[in-house]
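>>> Here is my input; please provide its structure:
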Amino acid sequence: MSARGPAIIRNINRFDVLQTIRLHDNQISRSELSDRTGLSQATISSIVGHLIDEGALIEDEADGPGARGRGRPLVMLRLNPEYTHVVGVKIATHQIVFSVTDFVGNVAASANIPLEPLKLTPAQLVAFVVRGVRACLKKASKTIGDVSGIGVGLPGFIDSHRGIAFWSPVFASPNVNFRELLQTKFDVPVFVENDANLVTLAEHWFGMAKGLENAVVITIEHGTGSGLIFNGKLYRGAQGLAAEFGHTKLVFDGPLCQCGERGCMETHTAAFAILHEAAKAGFRVPKRPLDYHERSRLIQAIIARAEGGDKSMAQIFEQMGRYLGLGIANLVNLLNPQRVVICQGAIRCAHLFEESLRSVAEQMVIPPLKRNLEIVIHHWGDEVWARGAASLVLLELDQRGRTEMPTGPFGPGRRAARNGKIRAAVNAVST
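Numbering: from 1, shown residues only. Down below sits the predicted model:
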């Protein structure tokens, strides 16, 4: 086994320092950094000094009782929000959400572009993204020269290592190298990720999985997705396609899924499954293709009827909870996470399926894990995508972007003028 070189060790240590500050609510002393990271005071002093010189960290005097030690004010460290900015893009079949986010994860500006067609050509989608990124940067009073990277979330089977969409409901064709297409349009690094992984990163950095070493995040919306945190890091698998909870199989020759397979978890838990079951129970659902807004209105009507005491509609959500409970029990038995976080977006029906979900999960989890079974439900809006995309960019810049800068249409002169700032961000930014 070859030893790690000094440069690799330095980068790992910087990673640990920045991550510890993030997970400590962005305020921590040098001595506490040393205790929490296990790094020596001398190493912490060196890393912190470099990060302060680069502008990534700021020193503040602590306030309140115990803020002074041996007559000296206790100096606290925090991330500098203005050190760099990143752009986040969340693509769905009905809209694209854009955000400009600072180094801490605060959203400086956001915007969205509604989409009319259910499926787009890659070229059409690239054009929408370029237009939206420029508009959102202008809204934030920033230029492309002020950002260090762009993170893009897509639904579907996404190779997060290469940015390839093997299948996505936003594309009419498979095997789209979306990262490569976008990278030709921007002179900063572009990263493409499964959208559920963006939610997982946001939950791990800012939300209900914050600071956990092992967690499962499940997203319930027009599809059913998931993300996994193993040993404090997002787990993507060998091909970048891990955690497709929505496409785990429940039934041989079961209902047809939107991915083209049969018997997937999504066919019992996603929005299209709710509509299908409601139609079987007598609720009027048009047989023609529905756009996002039509689907949303119908699902809200089904939820309202279930809340109003319609037993046939309530049964749909009770059954949905049973399937989710079974799937979650299998995940818990397999992975033994500290917590399972169920995230809801626009479709909020957890109050209708939570009881049956918990009942089945508690029944199916093996006895040694029942005592510590923790399932929480979190409601979120579009801001979770922004913060997740920001987390993705900061993570990827640290892990992949140290030496290679992408090419783009802006020309070598402009790129050369900005390389110093970008390289500094690439070296310092970390999860």
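
>>> Mind jotting down where the strands sit in the stretch 101-250 of the chain?
Counting by DSSP state E, counting those that start in this stretch, the stretch 101-250 of the chain has these strands, from start to end: 107-114, 147-154, 157-159, 164-167, 176-177, 190-194, 215-220, 224-230, 233-235.

>>> Test my guess that Leu74 contacts Arg30.
No - using CB atoms under 8 Å, Leu74 is not in contact with Arg30, being 9.5 Å away. (C-beta placed from N, C-alpha, C; glycine too.)

>>> in stretch 329-345, what's buried?
Going by neighbour count (16 or more other CB atoms under 10 Å), the buried part of stretch 329-345 is 329-332, 337, 339-345.

>>> Between its first and last residues, how far does that stretch reach?
22 Å (CA to CA, to the nearest Å).

>>> From the chain's centre, how far out is that stretch? Work that out for me.
Centre-to-centre, stretch 329-345 and its host chain are 16 Å apart (CA atoms, centre = their mean, to the nearest Å).

>>> now swap in stretch 286-305 and tell me
26 Å.

>>> What segments of the stretch 151-300 of the chain are helices?
For the stretch 151-300 of the chain, applying DSSP state H, counting those that start in this stretch gives helices covering 178-183, 195-206, 266-269, 271-280, 292-307.

>>> do you know which of these lies nearest Gly132?
helix 178-183 (11.8 Å; CB to CB).

>>> Tell me the helices and strands packed up against the closest one.
helix 122-139, strand 147-154, strand 164-167, strand 190-194 (3 or more CB pairs under 8 Å, 6 or more residues apart in numbering; DSSP states H and E).

>>> Parallel or antiparallel, which strands does the shortest one pair with?
So that's strand 164-167. Paired neighbours of strand 164-167 in the sheet (DSSP bridges): strand 157-159 (antiparallel), strand 176-177 (antiparallel).

>>> go on, the last one?
Sheet neighbours of strand 190-194, with direction, are listed as strand 147-154 (parallel) (DSSP bridges).

>>> Nearest residue to His379 in space, ignoring adjacent ones along the chain?
Gln344 (5.2 Å; CB to CB, 6 or more residues apart in numbering).

>>> low-confidence ranges in the stretch 251-400 of the chain?
398-400 (pLDDT under 70).

>>> Also the stretch 101-250 of the chain?
Across the stretch 101-250 of the chain, the ranges flagged by pLDDT under 70 are 117-119.

>>> Now do the same contact list for Trp167.
By CB atoms under 8 Å, 6 or more residues apart in numbering, the residues touching Trp167 are 156-157, 174, 259-260.

>>> any idea how far Thr200 is from it?
20 Å (CB to CB, to the nearest Å).
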